[in-house]
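A.B. asks: Fold the following, please.
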Amino acid sequence: MENYISIRNINKSFGKKQVLFNVSLDVPKGCIFGLLGPSGCGKTTTVRIMAGILGADSGETYILDEKMPNLKLMSKIGYMAQADALYGMLSGYENLQFFGEVYGMKRKDLKARIDYVMSLVNLTDDLHKPVHAYSGGMKRRLSLAIALLPNPKVLILDEPTVGIDPLLRQDVWDELYGLADKGVSLIVTTHVMDEAIKCQQISMMRDGRLLATGTPKEIMAKTGTSDLEEAFIKMGREGITYEN
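C.D. replies: Below you'll find the predicted structure:
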């Protein structure tokens, strides 16, 4: 199976504090891969290294068989940060236009793509409203629209549905499944078990280390538990990992 994302033995420290310990994982083509764990466990650091935004102290990262960081891959990677990186004085449309140009998109294609992604996140009526007037949930939705804008082959989403209402959240997940069906590889960080169970494969993470990787059913079978939360608690209490 072809892997669109591969990281090998990634270690990362900030000052004297090590936050990642020999993290390795593969995300196959056309897979929604969840990175599950509590706040502060290293999820955001991991995906920032994947996206080429942050460098690792050791280990290697490959996206689409190219070693990261690699500026040539910018137009093939969609990245949604946990904190919204938006220009408040610009409208939603102007933000999308700016990031579309950063991605190197052609103007003739950009408008149609903007219309599509804003419809997806239900912000069409707010397209020309200044972003400083958006609610927190609207800003998250705009950030998701920006990540989807270049029609990427790899989509890295850090807590993408936080602050989004349940009905729209289901629409977002339907679109993510549709993208996976088209061969897009997605990595989604979450601390919510209900979101993790929607992923086709997951890695459970705690204190900068991966505890287990597999489908949700495989992880529950390995731990002898009936749900993911129970599996995570069991591994934490017993200090057990199920990594190969």
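A.B. asks: residues in contact with residue 176?
C.D. replies: For residue 176, the contacting residues are 32, 155, 186, 188, by C-beta atoms under 8 Å, 6 or more residues apart in numbering. Using the backbone N, CA and C atoms, a C-beta is placed for each residue, glycine as well.
A.B. asks: The first one against residue 190, yeah?
C.D. replies: No: distance between residue 32 and residue 190: 11.1 Å, which falls outside the contact criterion (C-beta atoms under 8 Å).
A.B. asks: So the most centrally placed residue in the chain: helix, strand or coil?
C.D. replies: By C-alpha atoms, centre = their mean, the chain has its centre lying nearest to residue 157, at 2.1 Å. Counting by DSSP: H, G, I helix; E, B strand; the rest coil, the backbone at residue 157 sits in strand.
A.B. asks: Could you report the pLDDT at it?
C.D. replies: At residue 157, the model reports a pLDDT of 95.
A.B. asks: Mind jotting down where the strands sit in the protein?
C.D. replies: For the chain, the strands defined by DSSP state E cover 3-14, 17-28, 32-36, 58-63, 66-67, 77-80, 154-158, 185-190, 201-206, 209-214.
A.B. asks: any weak-confidence spans in this protein?
C.D. replies: Within the chain, the ranges that satisfy pLDDT under 70 run 1, 239-240, 243-244.
A.B. asks: cutoff 80 now
C.D. replies: 1, 163, 236-244 (pLDDT under 80).
A.B. asks: mind checking the longest helix of it?
C.D. replies: helix 166-181 (DSSP state H).
A.B. asks: what comes up buried for that helix?
C.D. replies: Within helix 166-181, the residues that count as buried by 16 or more other C-beta atoms under 10 Å are 169, 172-173, 176, 179-180.
A.B. asks: now that helix and strand 32-36, what's the angle there?
C.D. replies: Interaxial angle, helix 166-181 versus strand 32-36 (axes from the mean of the first three to the mean of the last three C-alpha atoms, to 10 degrees): 120 degrees.
A.B. asks: can you pull the contacts of the nearest residue to residue 137 once chain neighbours are set aside?
C.D. replies: Among residues not flanking residue 137 along the chain, residue 163 sits closest, at 4.1 Å (C-beta to C-beta, 6 or more residues apart in numbering). Counting by C-beta under 8 Å, 6+ apart, residue 163 makes contact with 136-137, 140.
A.B. asks: which of the residues you listed count as buried?
C.D. replies: Neighbour counting by 16+ other C-beta under 10 Å classes residue 140 among the contacts of residue 163 as buried.
A.B. asks: Narrow the contacts of residue 163 to those in helices?
C.D. replies: 136-137, 140.
A.B. asks: Which of the buried residues of helix 166-181 sits closest to residue 144?
C.D. replies: Nearest to residue 144, judged by C-beta to C-beta, of the buried residues of helix 166-181 is residue 172 at 6.9 Å.
A.B. asks: separation between the closest residue to that closest one other than its chain neighbours and residue 129?
C.D. replies: With C-beta to C-beta, 6+ apart as the criterion, residue 172 has its nearest non-adjacent residue at 5.9 Å, and that residue is residue 161. Between residue 161 and residue 129 the computed distance is 22 Å (C-beta to C-beta, to the nearest Å).
A.B. asks: More neighbours: these two, which one.
C.D. replies: residue 161 (23 against 14; other C-beta atoms under 10 Å).
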